[in-house]
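*Asks:* My questions concern the predicted model and sequence given below.
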Amino acid sequence: MIKKTALAVLLSGAVALGGFASTTSIASAPQSEPSNHDATAPVIFEYMAQPAILVFSKTRSFRHDEGIAGADRFFAEMARDRSMGLFTTVNGAVFNEKQLSRFSLVVFNNVTGDVLSDEQESALQAWIEAGGGFIAVHGSGDASHEGWPWYDNNLIGPEFIGHPADPQFQTARVVNLAEAHPVMAGLPSEWEQEEEWYSFDDVTKLGDARVLLGIDEATYSPRNDVYGDVSDLRMGGGVEGHPIAWLRCAGKGRFFYSAIGHSFTAYDVPENRKLLSNAVDWTLRKTSSPEDDC
């Protein structure tokens, strides 16, 4: 059996699992492109299985190495078990119309910072709004995405304001707020989990998003007196007032975000694995709720 630590190292480099193709090489941008966005699209295996998942983990702000490795492993195992194609990359030039057409689901795996050019952002937005499935985890919802207003405002919504420190990781009570929705199928009404718990500025920015999970602020210390502009990270309003996972429609596409996923072990928690597996089914339209309009 491959140990998890070894598997994490394996997945952080180039991977080939059966019919899966993977790359972590970053194409060098020309000197005339000061933003350093990737300009040369990666090569994708011609015979990649279908349907296929694209897992993208480029960072230009904080890089969650452990979380990225854990999510890469999770989606690789899931794709293998479902006989799906998988392509992992940190090359933003993959977001072009031709290559996006080969995927049914895109995953932003702890993506941070200004990682895509305007053209790449437009290509991904068009793909999602035309009916693509899109999942974003943890750092993909932090405050480093203001350079892409459509993503920052229309998909994520609330702005990240910080997470606890001293201690950074705490066990808290997570509450199921949408038990009837298929993304929450098979999940308990509540469970305890250790995480670097994110806080956000204004839940009203969620708009028409469907909140799936809330966190009980009474079960951990939502403070950061070590660094940052905000020390008291309480959002108030009970568990409904501190959402940590939600979904929404984006045109004809489906979007799911979870703030869980900082560490490698977050993807070992059975409830989190079930949540992500259900989210994949929903974004791929294998499940639906009567309230879904996309």
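*Replies:* That came in fine, so what should we check first?
*Asks:* Show the pLDDT at residue 27.
*Replies:* If you check residue 27, the pLDDT there is 34.
*Asks:* Kindly report the same for residue 30.
*Replies:* With respect to pLDDT, residue 30 has a value of 33.
*Asks:* how many neighbours does residue 42 have?
*Replies:* Using other CB atoms under 10 Å, residue 42 is surrounded by 20 other residues. Bear in mind the C-beta positions are built from the backbone N, C-alpha and C, glycine included.
*Asks:* before we move on, what about residue 129?
*Replies:* For residue 129, the neighbour count with other CB under 10 Å is 15.
*Asks:* do residue 62 as well
*Replies:* 12.
*Asks:* Specify the beta-bridge partners of the residue nearest to it when sequence neighbours are not counted.
*Replies:* Nearest residue to residue 62 in three dimensions, chain neighbours excluded: residue 112, at 5.5 Å (CB to CB, 6 or more residues apart in numbering). With DSSP bridges as the criterion, residue 112 is bridged to residue 59.
*Asks:* Tell me which residues touch residue 95, please.
*Replies:* With contact set as CB atoms under 8 Å, 6 or more residues apart in numbering, residue 95 has these partners: 116, 120, 121, 123, 124, 127.
*Asks:* Thought residue 61 was touching the residue nearest to residue 62, still the case?
*Replies:* Yes: using CB atoms under 8 Å, residue 112 is in contact with residue 61, at 3.7 Å.
*Asks:* Quick check on these two: which one has the bigger neighbour count.
*Replies:* Taking neighbours as other CB under 10 Å, residue 112 and residue 61 compare with residue 112 leading, 22 against 14.
*Asks:* Residue 93 reaches residue 39, doesn't it?
*Replies:* Yes: shown here, residue 93 and residue 39 form a contact pair, counting by CB under 8 Å, at 6.0 Å.
*Asks:* Comparing those two, which residue is more hemmed in?
*Replies:* Comparing residue 93 with residue 39 by other CB under 10 Å, the one with more neighbours is residue 93, at 21 against 16.
*Asks:* Please list all residues in contact with that one.
*Replies:* Counting by CB under 8 Å, 6+ apart, residue 93 touches 27, 37, 38, 39, 40, 41, 42, 120.
*Asks:* which residue ranges form the strands in the stretch 101-250 of the chain?
*Replies:* For the stretch 101-250 of the chain, strands defined by DSSP state E, counting those that start in this stretch occupy the ranges 105-109, 133-137, 160-162, 170-176, 190-195, 199-200, 210-215, 243-250.
*Asks:* how about the CA coordinates for the last one, as PDB?
*Replies:* Spelled out, it's strand 243-250. What follows is strand 243-250, C-alpha atoms only, in PDB (Å, rounded to 0.1, in the frame of the first residue of the first chain):
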ATOM      1  CA  PRO A 243     -21.800  29.800   6.200                       C
ATOM      2  CA  ILE A 244     -18.800  27.700   5.100                       C
ATOM      3  CA  ALA A 245     -20.300  25.900   2.100                       C
ATOM      4  CA  TRP A 246     -22.800  27.000  -0.600                       C
ATOM      5  CA  LEU A 247     -23.800  26.600  -4.200                       C
ATOM      6  CA  ARG A 248     -25.400  28.600  -6.900                       C
ATOM      7  CA  CYS A 249     -26.300  28.700 -10.600                       C
ATOM      8  CA  ALA A 250     -24.100  30.700 -12.900                       C
END
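*Asks:* quick one on the thing from earlier: please narrow the contacts of residue 95 to those residing in helices.
*Replies:* Among the contacts of residue 95, the residues falling in helices (DSSP state H) are 120, 121, 123, 124, 127.
*Asks:* Let me have the residues you listed in CSV, adding neighbour count, pLDDT and distance to residue 268 as columns.
*Replies:* Output for the ones in helices among the contacts of residue 95, formatted as CSV (neighbours: other CB atoms under 10 Å; pLDDT from 0 to 100; distance: CB to CB, whole Å):
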residue, neighbour count, pLDDT, distance to residue 268
120, 21, 98, 32
121, 20, 98, 33
123, 20, 98, 34
124, 26, 98, 30
127, 22, 98, 31
